[in-house]
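Enquirer: A structural model of the following input is requested.
(chains A and B)
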2 protein chains.
Amino acid sequence: MQITANDPKRISWLNVDKNSHFPIQNIPFGVFITKDDIITIGTRIGDYAIDLGALHQLGYFDGIPLTDDIFLQDTLNDFIADGRKTWRLVRNRIAEIFDTRNGALRDNPVHKDKVIFRMEDVEMQLPVAIGDYTDFYSSIEHATNVGTMFRDPNNALLPNWLHIPVGYHGRSSSIIPSGIPIHRPQGQTIPADSDTPVFGPSKLVDFELETAFITTAANHLGEPIPVNEAEEYIFGMVVFNDWSARDIQKWEYVPLGPFLAKNFASSISPWIVTLDALEPYRCAGPEPLKPQLEYLQYTGDKSFDIKLEVAIQPENGTPTTVAKSNFKYMYWNMSQQLAHHTVNGCPVNSGDMMGSGTISGKTPDSYGSMLELSWRGEKPVKLNDGTERKFINDNDTVIMTGYCDNGVTKIGFGEVSTKLLPVWKK
Amino acid sequence: MQITANDPKRISWLNVDKNSHFPIQNIPFGVFITKDDIITIGTRIGDYAIDLGALHQLGYFDGIPLTDDIFLQDTLNDFIADGRKTWRLVRNRIAEIFDTRNGALRDNPVHKDKVIFRMEDVEMQLPVAIGDYTDFYSSIEHATNVGTMFRDPNNALLPNWLHIPVGYHGRSSSIIPSGIPIHRPQGQTIPADSDTPVFGPSKLVDFELETAFITTAANHLGEPIPVNEAEEYIFGMVVFNDWSARDIQKWEYVPLGPFLAKNFASSISPWIVTLDALEPYRCAGPEPLKPQLEYLQYTGDKSFDIKLEVAIQPENGTPTTVAKSNFKYMYWNMSQQLAHHTVNGCPVNSGDMMGSGTISGKTPDSYGSMLELSWRGEKPVKLNDGTERKFINDNDTVIMTGYCDNGVTKIGFGEVSTKLLPVWKK
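Expert: Take a look at the predicted model:
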């Protein structure tokens, strides 16, 4: 089936600014609440939120096999579980409905009133109930930077890194959508030259610039997913800020990995951009530096050219972009990650989320965390208000964005923006 | 409110064998499917499964604030979310209904026919939809054994171990109830004296003898749970086999912790024994060997005397008990685990599960894994059919059980029994 929704020549009868992340070629999926407290699954074109539940009730999806309430839900899990063919039919249909040549909805003010909202009039929700969340560690530049800082510059990569898309399990319950503020976490840290920990606020709160993909139900317990089939089970992607408390992490993470240093909060952009929409931006990833085991060997291009940016905005200030990176720098791609995750038979369900790990590039201005940008605090980062940051201050807002631009069409993820409040008090 | 359900003198009009884990003093909660394909929440007395959905429809819970469909569900999550007061009211009422002095149900054959099933006529399900699963590492004997084998016998415990109830995130999607067979996982391992991994079946599949507790909704993002309030949010416990592939684990786990070595399967006993039912078996845990930070300091006894056993049953053979341990050996208790888990504001939801980590005792016959029992394979374990095991063979069934016995009343968890099938083939 063709992805007709990607037609770069299509124009919407809804007004779309030329710099918008959401032209009619995007058609992402999300969940929002209207001013009337109606929660629904929707999409976005330009600065308009579109109620897919209302569109479906009005018959605009007739002919596509969908249950009546598929969009009248507070999560996308069931829709995602319907599979790629359904996603594609729905996305193609939405493109047709909003195509400038189609008057059915355009010329029906009663229907338009039920279906179309201004973005400032809706509140975006977490788009999926995330069952399991896994975070990978797939940027060679990031892994090398961390290994250089904390271990040995001459053996920065651990022996398994070039063989395994290293990953670990994270916490789903603390994943929040853009816009929800978080508190500086407290926890145990170990003072320099002491063997006794102290309790208190983390002094080294950091962001991690990541993307994440959302899966559909993929396999049963025991069954692996072949690497070249993996994309069939990837619904779409979000931009992801994997908040980290570096001082807590340092003390707790041996031998079983990061725990409280990560699970106080993780923020995602609220619109899931489908893998179908990203198709025009497909590209090759880095060449392997060592041979990879057969179950990780793929054919074709499995990476995507997605530009990523992080900005820090102090209280009452303006944002300063502190890093620019790209998803295509990832050494291990999503297909390899999913094949690896399931090679032992681990089941993957609709709504599971898998993070990329911090995505750093080769140059210091492309590093995806303050840990790397300020090199453990040795090189503070200057903001445009004249202040400096080694890590994130109370009341700073961290804003991440991602977009694709091939010179013909630009589509994006909007942003994930999270304010760090001071320590929580009762 | 008194836990009248625990009255040791109460006798049920249902026949209960004197060695049963399920006298009328237990009243655990689970989910089962009847022969007529009805799925319901239930409890168990002796060898009888009791349909709480039917009991509720017939009015036996009148006066307790419960929604009509609270037991007509395929998971306990909503019931658990109702909170401790409701659990206690329901459990007390069940004890009254089945008390030998109460004829209401006993003398109503039509009602009995709708409510009571023989255990062999029902199929136990996973009792909760597990949102997040965390595994701790809280047995000092286990951590010391592992540190002695793989690191330094003179510094077996890592520096953080006596300060932190070390934990890490696990995978919810591969948690299964007793009775579901699993396949030997495949994955990457590193041959001795090689720097290049190979792919194939794990040769070192192991069990881990654990318990796990199931939580109710406890806190919001940002808010910690004080250690002395933690038990309010613990619904109950299960016996838990945290299957592990030691050779996969060894190669993958640095620096972010175990991943594919664990997430191919984790098995739990299907009846959740409430913390209320365990109250008569409350006891002190080990004395701290080092001062603990204030947020981990508790008052009163927070451990429980729960005897734990593991047996291995070869294909067509009989079970051999290979280890006997006890929950009370745990250095860190559940209250400390939950206080630690949330001290950074990490939210805990209804149906989350937290594993103890392998529970080993001081003597070699109390070690909770084959890794320790066979000491890395150096001391094979003899089974009663004359064969030996270093780890688990294809077609072996691993059977764990747990029970409390204070000389007055014995209550238990039943068993978690899981057969290891050969590698999955398409």
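
Enquirer: could you dump the lengthiest helix in chain A to CSV, C-alpha only?
Expert: Longest helix in chain A by number of residues (criterion: DSSP state H): helix A:84-97. Output of helix A:84-97 as CSV, limited to C-alpha atoms (Å, rounded to 0.1, in the frame of the first residue of the first chain):
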residue,chain,number,x,y,z
ARG,A,84,0.7,-0.9,10.3
LYS,A,85,-1.9,-1.4,7.5
THR,A,86,-4.5,0.4,9.6
TRP,A,87,-2.2,3.3,10.6
ARG,A,88,-1.4,3.8,6.9
LEU,A,89,-5.1,3.7,5.8
VAL,A,90,-6.0,6.3,8.5
ARG,A,91,-3.1,8.5,7.8
ASN,A,92,-3.7,8.5,4.0
ARG,A,93,-7.4,9.2,4.7
ILE,A,94,-6.6,12.2,6.9
ALA,A,95,-4.4,13.6,4.2
GLU,A,96,-7.3,13.3,1.7
ILE,A,97,-9.8,14.9,4.1
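
Enquirer: what kind of secondary structure is the residue in the stretch 151-300 of chain A positioned nearest to chain B in?
Expert: Closest approach between the stretch 151-300 of chain A and chain B, counting by C-beta to the nearest C-beta: residue A:257, at 2.6 Å. All C-beta atoms are positioned from the backbone trio N, CA, C, and that covers glycine. State at residue A:257, reduced to three classes by DSSP: H, G, I helix; E, B strand; the rest coil: coil.

Enquirer: likewise for residue A:41?
Expert: State at residue A:41, reduced to three classes by three-state DSSP: strand.

Enquirer: quick one, strands of the stretch 201-350 of chain A?
Expert: Taking DSSP state E, counting those that start in this stretch to define them, one finds strands in the stretch 201-350 of chain A at A:205-206, A:209-215, A:234-241, A:244-245, A:266-268, A:273-274, A:282-283, A:303-304, A:307-313, A:320-326.

Enquirer: redo those strands as a markdown table? Include mean neighbour count and mean pLDDT.
Expert: Shown next, in a markdown table, are these (neighbours: other C-beta atoms under 10 Å in any protein chain shown; pLDDT from 0 to 100):
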| stretch | mean neighbour count | mean pLDDT |
| --- | --- | --- |
| strand A:205-206 | 26 | 98 |
| strand A:209-215 | 27 | 98 |
| strand A:234-241 | 27 | 98 |
| strand A:244-245 | 27 | 98 |
| strand A:266-268 | 28 | 98 |
| strand A:273-274 | 27 | 98 |
| strand A:282-283 | 15 | 98 |
| strand A:303-304 | 22 | 98 |
| strand A:307-313 | 21 | 98 |
| strand A:320-326 | 20 | 98 |
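
Enquirer: will you turn the ones you listed into JSON lines that also has distance to residue B:367?
Expert: Below are those laid out as JSON lines (distance: least, C-beta to C-beta, whole Å):
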{"stretch": "strand A:205-206", "distance to residue B:367": "40"}
{"stretch": "strand A:209-215", "distance to residue B:367": "38"}
{"stretch": "strand A:234-241", "distance to residue B:367": "41"}
{"stretch": "strand A:244-245", "distance to residue B:367": "35"}
{"stretch": "strand A:266-268", "distance to residue B:367": "37"}
{"stretch": "strand A:273-274", "distance to residue B:367": "50"}
{"stretch": "strand A:282-283", "distance to residue B:367": "52"}
{"stretch": "strand A:303-304", "distance to residue B:367": "46"}
{"stretch": "strand A:307-313", "distance to residue B:367": "48"}
{"stretch": "strand A:320-326", "distance to residue B:367": "47"}
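
Enquirer: of these, which approaches residue A:120 most closely?
Expert: strand A:307-313 (19.0 Å; C-beta to C-beta).

Enquirer: could you check the angle strand A:320-326 makes with that closest one?
Expert: Note on geometry: by axes from the mean of the first three to the mean of the last three C-alpha atoms, to 10 degrees, strand A:307-313 and strand A:320-326 are set 160 degrees apart in direction.

Enquirer: which elements pack onto strand A:307-313?
Expert: Packing partners of strand A:307-313 (3 or more C-beta pairs under 8 Å, 6 or more residues apart in numbering or on different chains; DSSP states H and E): strand A:209-215, strand A:320-326, strand A:397-405.

Enquirer: need the residues that contact that strand.
Expert: A:207, A:209, A:211, A:239, A:319-327, A:359, A:368, A:381, A:383, A:389, A:392, A:396-405 (C-beta atoms under 8 Å, 6 or more residues apart in numbering or on different chains).

Enquirer: can you count the residues close to the residue of the stretch 151-300 of chain A closest to chain B?
Expert: Neighbour count for residue A:257, taken as other C-beta atoms under 10 Å in any protein chain shown: 25.

Enquirer: tally of neighbours for the closest residue to residue A:19 other than its chain neighbours?
Expert: Once flanking residues are discounted, residue A:19 sits nearest to residue A:410: 7.4 Å by C-beta to C-beta, 6 or more residues apart in numbering or on different chains. Each residue near residue A:410 was counted by other C-beta under 10 Å, and the total is 19.

Enquirer: residue contacts, residue A:410?
Expert: Residue A:410 sits next to A:19-21, A:23, A:403-404 when contact means C-beta under 8 Å, 6+ apart.

Enquirer: relative to residue A:289, which of those residues is nearest.
Expert: For those, the nearest to residue A:289 is residue A:404 (26.5 Å; C-beta to C-beta).

Enquirer: next one, pLDDT for the closest one please.
Expert: Looking at residue A:404, its pLDDT stands at 98.

Enquirer: tell me the spacing between it and residue B:281.
Expert: Separation of residue A:404 from residue B:281 (C-beta to C-beta, to the nearest Å): 60 Å.

Enquirer: before we move on, back to that, any idea what the residue nearest to residue A:19 is bridged to?
Expert: residue A:405 (DSSP bridges).

Enquirer: which bits of the stretch 201-350 of chain A sit near chain B?
Expert: Proximity of the stretch 201-350 of chain A to chain B, by C-beta under 8 Å from any C-beta of the partner chain, involves residues A:221-224, A:245, A:248, A:251-260, A:263-265, A:293-295, A:340-341, A:343-349.
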